[in-house]
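Undergrad: Just to be clear, the model below is a prediction. Sequence and coordinates:
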Amino acid sequence: MQKFIVKPGGEIRGTIRVPGDKSISHRVVMLGALAKGITQISGCLEAEDTLSTMAAFKAMGVPIEKNSQGQIIIHGVGLHGLQPPTEPLYIGNSGTTMRLMAGLMAGQKFSVEMGGDESLLQRPMTRVTKPLTTMGAKILVADNGTPPLIILGKQNLQGIDYDMPIASAQVKSCILLAGMYADGKTCVIEPSPTRDHTERLLLGFGYLVNREENKICLKGGGQLQGQSIDVPADISSAAFFIVAACITKNSEILLEHVGINPTRTGVIDILQRMGANIELYNQREINGEPIADIRVRSSNLHGINISKEQVPLAIDEFPILFIAAACAEGETVLTGAEELRVKESDRIQVMADGLQKLGIDAVPQADGIIIQGGKIRSGVINSHGDHRIAMSFAIAALRASGTINIEDCANVATSFPNFVSLAQHVGIKIIKTTVVLTK
Ligand code: S3P
């Protein structure tokens, strides 16, 4: 059992680069594995989730190695070059890997079983298996629509027009990736914009994707060509330090080379509306993704209303935004965010429980939360094995009246393996302890 012990106080200062974007890293590995030729990745996230994606492709015969400059080198086998794995694929904690790979596996000539850890085995998969089945895939799931998934090979997929009922980039990506193996045209209509890394990267790997308003289409039977890709730092990881600097007196931090794709910058827009002092510098574009350096200074935040359309653009940042709301003056109300209940944990309930334990008035709603800014007390928090909950409460300690202990933190390694050392580097008084449980 891993624990964080975080003492209050201090100032946040320094210049840091957080690890590579998780969503982009997963996708580059997938497309690189299925491309013709070599894909060379700089800045790829090497955390448990993306290592699960790499391990899955290695198990299907794709050579993946690291060179002396720390780049990940993938020897792509082409869209039809994967080999059947000899065992079920273990996907760990990674919902993105499982859902995107479900689309890819549906198009293979062999059958595959995919399982994962306790949290992944509880996550809803019918959102992808239903549309894939409409395309002609044959997939077995557990009775309640959760993993393990058994995807039967040798099916003929047909393109579909899929009107997506939830705004999910994982579902959109799954269907588009399956569409590469389908006859004809596959289109996904999104109810509101979701992260578009799959579309941008497909284009970068030479696969034609067409977007007209909220409808994204591609045709089956194309090819991917290996690329050299520079993965930007993950704005979802940067968000912890953005909020840390906002809520702490006399603070100023510079976050370098952060991805600022407009489908991901909801956290910046929301914090700026709360009164945050955030500036973007040195804006540039690399491999079709916008990037900037982000400077954040201390500010006095105030509560706001956050509505449904903003939710997908900040979907992973709500745990840390709830900490910002707890440190803000007045009330913050979030609605239209029921998806938070089916992430790595039920992020509405787990955050509300944790905030209440620390003396904050946080009332969970079916589709959101109402938080009154207030004084944070010391206490013991259970992160329920959710990486983003653990990191969020570590940041909350900056404003607490005493030490915050956070339990069940090992899964921080799924997205941000060096969180503790970077946090210490910028001035957070955090230590990590590992409790060995003996019988
Ligand atoms: C992701 C999409 C989001 C996000 C997840 C990563 C992706 O999930 O929460 O962490 O890489 O496509 P949904 O598409 O289910 O909202």
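TA: Now that the structure is in, tell me what you want to look at. Numbers count the residues shown, from 1 in each chain.
Undergrad: from here on, contacts and neighbour counts on C-alpha atoms
TA: Will do.
Undergrad: Next, the closest residue to the ligand within the stretch 1-150 of the chain: secondary structure please.
TA: Relative to the ligand, the nearest point of the stretch 1-150 of the chain is residue 23 (3.8 Å; CA to the nearest ligand atom). In three-state terms, and counting by DSSP: H, G, I helix; E, B strand; the rest coil, residue 23 is helix.
Undergrad: what number of residues lie near it?
TA: Residue 23: 22 surrounding residues under other CA atoms under 10 Å.
Undergrad: Stretch 177-194 near the ligand at all?
TA: No - among the residues of stretch 177-194, none lie within reach of the ligand under CA under 6 Å from any ligand atom; the closest is 7.3 Å away.
Undergrad: ok so, going back, in this structure the residue of the stretch 1-150 of the chain closest to the ligand contacts residue 201, no?
TA: No - between residue 23 and residue 201 there is no contact under CA atoms under 8 Å: 11.1 Å.
Undergrad: Around the ligand, pick out the residues from the stretch 201-350 of the chain.
TA: 315-316.
Undergrad: any chance you could map the strands in the stretch 201-350 of the chain?
TA: Remark: strands assigned in the stretch 201-350 of the chain by DSSP state E, counting those that start in this stretch are 210-212, 215-219, 228-230, 252-259, 277-286, 289-297, 305-306, 331-334.
Undergrad: The ligand contacts on the stretch 1-150 of the chain?
TA: So far as CA under 6 Å from any ligand atom goes, the stretch 1-150 of the chain lies against the ligand at 23, 96.
Undergrad: ok, which stretches of the stretch 1-150 of the chain are helices?
TA: Along the stretch 1-150 of the chain, the stretches classed as helices by DSSP state H, counting those that start in this stretch are 22-34, 48-59, 95-105, 126-134.
Undergrad: what sits up against the third one?
TA: The reference is to helix 95-105. 23, 26, 49-50, 52-53, 91, 111-112, 114, 120, 123, 125, 128-129, 132, 151, 153, 170-171, 173-178, 181 (CA atoms under 8 Å, 6 or more residues apart in numbering).
Undergrad: Please put the alpha-carbon coordinates of that helix into PDB.
TA: Taking C-alpha atoms only, helix 95-105 is exported to PDB below (Å, rounded to 0.1, in the frame of the first residue of the first chain):
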ATOM      1  CA  GLY A  95      -9.600   2.400 -20.100                       C
ATOM      2  CA  THR A  96      -8.200   4.100 -23.200                       C
ATOM      3  CA  THR A  97      -6.100   1.100 -24.200                       C
ATOM      4  CA  MET A  98      -9.000  -1.300 -23.800                       C
ATOM      5  CA  ARG A  99     -11.600   0.800 -25.600                       C
ATOM      6  CA  LEU A 100      -9.400   1.900 -28.500                       C
ATOM      7  CA  MET A 101      -7.900  -1.600 -28.900                       C
ATOM      8  CA  ALA A 102     -11.400  -3.000 -29.000                       C
ATOM      9  CA  GLY A 103     -11.900  -1.200 -32.300                       C
ATOM     10  CA  LEU A 104      -8.600  -2.400 -33.700                       C
ATOM     11  CA  MET A 105      -9.000  -6.000 -32.500                       C
END
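Undergrad: mean confidence for that helix?
TA: Averaging pLDDT along helix 95-105 gives 98.
Undergrad: how much does it deviate in direction from helix 48-59?
TA: Between helix 95-105 and helix 48-59, the angle comes out at 30 degrees (axes from the mean of the first three to the mean of the last three CA atoms, to 10 degrees).
Undergrad: For the ligand, tell me whether the helix or strand harbouring residue 394 is touching it.
TA: Assessed by DSSP states H and E, residue 394 sits inside helix 387-396. No - if you take CA under 6 Å from any ligand atom as the test, helix 387-396 misses the ligand, and the best it gets is 10.0 Å.
Undergrad: got the contact list for that helix?
TA: So helix 387-396 is contacted by 4, 6, 240-241, 243-244, 316, 319-320, 323, 347, 350-351, 376, 381-383, 404, 406-415, 419, 428, 430 (CA under 8 Å, 6+ apart).
Undergrad: of those residues, buried ones?
TA: Buried subset of the contacts of helix 387-396 (neighbour count, 16 or more other CA atoms under 10 Å): 4, 6, 240-241, 243-244, 316, 319-320, 323, 347, 350-351, 376, 381-383, 404, 406-412, 414-415, 419, 428, 430.
Undergrad: Restricted to helices, list the residues you listed.
TA: Taking DSSP state H, the ones among the buried ones among the contacts of helix 387-396 that sit in helices are 240-241, 243-244, 319-320, 323, 347, 350-351, 419.
Undergrad: ok, back up a step: for the helices of the stretch 1-150 of the chain, could you give me TSV that also reports distance to residue 214?
TA: Shown next, in TSV, are those (distance: least, CA to CA, whole Å):
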stretch	distance to residue 214
helix 22-34	20
helix 48-59	28
helix 95-105	20
helix 126-134	18
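Undergrad: what's near enough to touch the nearest residue to residue 92 once chain neighbours are set aside?
TA: Nearest-residue entry for residue 92: residue 116, 4.4 Å, with adjacent residues in sequence omitted and distances by CA to CA, 6 or more residues apart in numbering. Counting by CA under 8 Å, 6+ apart, residue 116 makes contact with 90-94, 147-148.
Undergrad: Give me the distance between residue 116 and residue 240.
TA: Distance, residue 116 to residue 240, by CA to CA, to the nearest Å: 27 Å.
Undergrad: What's the per-residue pLDDT of the closest residue to residue 376 other than its chain neighbours here?
TA: Of all residues not flanking residue 376 in the chain, residue 400 sits nearest, at 4.6 Å (CA to CA, 6+ apart). The per-residue pLDDT reported for residue 400 equals 98.
Undergrad: likewise the one 10 residues further on?
TA: Turning to residue 410, the model gives it a pLDDT of 96.
Undergrad: Any idea what the nearest residue to it once chain neighbours are set aside is bridged to?
TA: Once flanking residues are discounted, residue 410 sits nearest to residue 2: 5.3 Å by CA to CA, 6+ apart. Beta-bridge partners for residue 2, by DSSP bridges, are residue 434.
Undergrad: Could you give the number of residues near residue 2?
TA: There are 16 residues near residue 2, going by other CA under 10 Å.
Undergrad: That one against residue 432, yeah?
TA: Yes - if you go by CA under 8 Å, residue 2 and residue 432 touch, sitting 7.0 Å apart.
Undergrad: Residue 208 and residue 27, how far apart?
TA: Residue 208 is 16 Å from residue 27, by CA to CA.
Undergrad: likewise residue 377?
TA: Using CA to CA, residue 377 is found at 41 Å from residue 27.
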